[in-house]
Each structure stands twice: as structure tokens, then as C-alpha cells.
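Visitor: Below are the sequence and a predicted model for it; my questions follow.
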Amino acid sequence: RPPLVPSLLAPKRRRSNSKQTTMSNDPDACLPGPLKDFVFDLHDSARRSMVPGEQVQLYTVDYRDLSSKYFATGPWPTPQAISDECGGDPLFLALYRELTHRHLHSVTRPQVRDRIDGWHVYRALFDGLLAEADPDSPSDNRHGDGLYIIPEWAFDILHEFVYQFQGFCQFRTSTFANAVKHVGDPGGKGPPAHVSESLKILSENRDAWAVETVLFYLHRLVAVGNKAAERSGEGGATSGPGGTV
């Protein structure tokens, strides 16, 4: 593996002095300068500099500040809108998508389509992580610089994955229970429209949040992490200042 790029030599985006505090209804319409800087620097910390202190600041402080300032009640821009700031890096964009999807769940009440979307968000991220970690995968699935994310970020991803799985199971159970309550209603009205709509969407996405697939991802991620730890302990794969994910 090539040597890590020292923090002082890593390309850093000059901070914008923009004081913009409002966003249009379309978060992709006009991207604030500080947001572009954040995405650029977060990608740099994950792919090049790999300095824990820098990523801690970006993930635990800057991200929360930007969320409060620009996206307190709505979504972050889509991955497509910020793709240029990370060179179109597919795995980083999957990380960004998970991060911003998690934010949206925290500021809004997720509907059935949001829960289904969450499943696809995590599948895309975990498939990308496992492909990049697999030495036998095609070279276009791997990034030469490796990937580093701080333990807190990794924990938050898996914690939210399990939390959304639990939330989906509870939502599905309550939806079916509400539908059953209306079986045999006088006049044949049936369940309310929102319950019927949820049942329809659930029936069209039967594989969403399947227990077997959830367990598969959890076990595979643990196995990959254990192998990386073994290689590091044996002096094999090199690691960054705080370890390599």
C-alpha cells in the first residue's frame, strides 16, 4: 500500500466565507459554499489524509453545525448534487447517502417509502464496502487509497442500520394489525387509505429488511473487520493513525 499522504500535504479546500443561512425548497438548487467545503474535506479525510482528529472535527462538529444551519427540518442535497466535490467516488457517495438519509430520519417522521429507501441505502453501502474489502473482487471495485472512517462513524452506521430494521419490523406489524381490525367492517369499507397504501407498498417490496439478509450483512462485516485486525496485528496490511476501516 502506498504511504499515507501527510495531513499538511493533503489537498484542502479553502473555507468559504459565505453567510448564507436559508435554503430553497430544493436542496440541490443552490449549494452553500461551506457544504461543498465539508464534503471535499470529509472525502479527503476518508481517502487521503486519514487523520483521526480532522475527521472527528468534520463528523462530530461540522456536520452537526451544517445540519442545524441549513437542513434543520429537511433533507441534505442528493449525492448527485455533491458528486463533483468527491470526484464521483462511488463508495464515498454511498457513505454520504447513508449519512444524509440518517439525518432525514432524525428530523422527519419516516413513511413507508422512506423505510424501503433506507433498505436500499444500506444495501448499496454494505455491498460497496464488502466489494472494496474483497481482494478477489474486480479492480474497479477497489480504491487504491483505502478507506478510513473513525470508530464513532462506523458505530453510528451499524447502530442506525439495526435501529431502522427494528423500526421497519414494528411498522409492518402495526400496519398488518390495523388492517386486520377493519376486516368485516360494516359496509365493506375496509382499512383506511393510508393503511391500504402501506400494505400495497409492503407487498411490492417483500425482500426489504429480510431477516436473513440483515444477518448476512452483519456477519460479513464482522468477518471483514476481524480479518483486517488480524492482518494489522501480524504486520501485514498497514493502518492509518487511528486504524483502517
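Guide: Sure thing, it's come through. Residues are numbered from 1 along each chain as shown.
Visitor: for this structure, what are the low-confidence residue spans?
Guide: 1-25, 137-144, 184-188, 232-245 (pLDDT under 70).
Visitor: so how many other residues sit close to the closest residue to Val121 other than its chain neighbours?
Guide: Nearest residue to Val121, sequence neighbours excluded (C-beta to C-beta, 6 or more residues apart in numbering): His101, at 4.8 Å. Every C-beta, even on glycine, is put in place using the N, C-alpha and C of the backbone. Counted with other C-beta atoms under 10 Å, residues neighbouring His101 total 22.
Visitor: Need the residues that contact the helix or strand containing His101.
Guide: Assigned by DSSP states H and E, His101 falls within helix 90-107. For helix 90-107, contacts defined as C-beta atoms under 8 Å, 6 or more residues apart in numbering pick out 39, 42-43, 46-47, 63, 67, 71-77, 79, 82-83, 86, 110, 114, 117-118, 121-122, 124-125, 128-129, 132, 143, 147, 149, 156-157, 160, 164.
Visitor: Among those, which are located in helices?
Guide: Secondary structure from DSSP state H places 39, 42-43, 46-47, 63, 67, 79, 82, 114, 117-118, 121-122, 124-125, 128-129, 132, 156-157, 160, 164 of these in helices.
Visitor: Now the buried members of those residues.
Guide: 39, 42-43, 46-47, 63, 67, 79, 82, 117-118, 121-122, 124-125, 128-129, 132, 156-157, 160, 164 (16 or more other C-beta atoms under 10 Å).
Visitor: Geometric centre of the protein: which residue is closest?
Guide: Glu98 (1.5 Å; C-alpha atoms, centre = their mean).
Visitor: gap between it and Ser196?
Guide: 31 Å (C-beta to C-beta, to the nearest Å).
Visitor: next one: Gln80
Guide: In terms of C-beta to C-beta, Gln80 sits 33 Å off from Ser196.
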